[in-house]
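K.L.:
have a look at this fold, sequence not included:
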């Protein structure tokens, strides 16, 4: 299969590329690097990327940022960061990419643990993750031409434990290999409308 991995330079994206590259042709994309550059928040950029790439068998999104901060002092502008970036960026990939995905192909989005196991300062992340899961479940019943759509919801990765030290008290980190397998399940399997939780 020819698979586009957006955000392939990130921790999750690297795990996905490792898990899929032995059996598939991987095309990488990102805001600042990869085989092709794309800004998911800009519809024109997403459309231009798809036009350059042609037909794909699968699209995997591992990109997007959210705002971490206390609810008591969070501004609407800060909250919108996650909505515009992680949520709409991935939704843009789907809405603008359906015509470029082959019959029976798939989209795999990325949410995260915080909508099911919240932490302090994680309200924006929790809201965005929950919205991604809701979008996937609802979009699955309308996807054309047998195209599937799922999301992977990883816990705190072992490689990210130091970066987020203190933010995830009591959370057991998960290995990138386990996370990668969830994306394999989504891309190579037959399920749709699912959120695959890891950790």
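P.N.:
Thanks, I have the structure now. Given the structure is predicted, the values throughout are model-derived calculations rather than measurements. Numbers count the residues shown, from 1 in each chain.
K.L.:
next structured bit after the longest strand along the chain?
P.N.:
The single longest strand within the chain, with elements called by DSSP state E, is strand 101-110. Using DSSP states H and E, the next helix or strand after strand 101-110 towards the C-terminus is helix 123-139.
K.L.:
pull out the buried positions in that following helix.
P.N.:
By neighbour count, and taking 16 or more other Cβ atoms under 10 Å as the criterion, the buried residues in helix 123-139 are 123-133, 135-137, 139. The way it works is simple: take the backbone N, C-alpha and C, and place the C-beta from them, glycine included.
K.L.:
so what touches it?
P.N.:
Contacts to helix 123-139, defined as Cβ atoms under 8 Å, 6 or more residues apart in numbering, come from residues 64, 66-69, 71, 74, 78-79, 81-83, 86-87, 90-91, 94, 109-115, 118, 149-151, 153, 193-195.
K.L.:
mind listing the strands for this structure?
P.N.:
Using DSSP E, the strands of the chain run over 2-6, 25-30, 36-37, 56-61, 101-110, 148-154, 195-198.
K.L.:
mean neighbour count and distance to residue 187 added to these, as JSON lines?
P.N.:
Rendered in JSON lines, the data for those read as follows (neighbours: other Cβ atoms under 10 Å; distance: least, Cβ to Cβ, whole Å):
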{"stretch": "strand 2-6", "mean neighbour count": "26", "distance to residue 187": "7"}
{"stretch": "strand 25-30", "mean neighbour count": "19", "distance to residue 187": "11"}
{"stretch": "strand 36-37", "mean neighbour count": "14", "distance to residue 187": "19"}
{"stretch": "strand 56-61", "mean neighbour count": "24", "distance to residue 187": "5"}
{"stretch": "strand 101-110", "mean neighbour count": "22", "distance to residue 187": "6"}
{"stretch": "strand 148-154", "mean neighbour count": "25", "distance to residue 187": "9"}
{"stretch": "strand 195-198", "mean neighbour count": "19", "distance to residue 187": "11"}
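K.L.:
Serialize these to a markdown table and add fields for mean pLDDT.
P.N.:
Formatted as a markdown table, the strands of the chain follow (pLDDT from 0 to 100):
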| stretch | mean pLDDT |
| --- | --- |
| strand 2-6 | 98 |
| strand 25-30 | 98 |
| strand 36-37 | 96 |
| strand 56-61 | 98 |
| strand 101-110 | 98 |
| strand 148-154 | 98 |
| strand 195-198 | 98 |
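K.L.:
could I get these as JSON lines with distance to residue 179?
P.N.:
Shown next, in JSON lines, are those (distance: least, Cβ to Cβ, whole Å):
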{"stretch": "strand 2-6", "distance to residue 179": "13"}
{"stretch": "strand 25-30", "distance to residue 179": "16"}
{"stretch": "strand 36-37", "distance to residue 179": "24"}
{"stretch": "strand 56-61", "distance to residue 179": "12"}
{"stretch": "strand 101-110", "distance to residue 179": "9"}
{"stretch": "strand 148-154", "distance to residue 179": "5"}
{"stretch": "strand 195-198", "distance to residue 179": "5"}
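K.L.:
if any of the contacts of helix 123-139 are buried, put those into a PyMOL selection.
P.N.:
Those of those that meet the burial criterion (16+ other Cβ under 10 Å) are gathered into one PyMOL selection, given here:
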select buried, resi 64+66+67+68+69+79+81+82+83+86+87+90+91+94+109+110+111+112+113+114+115+149+150+151+153+193+194+195
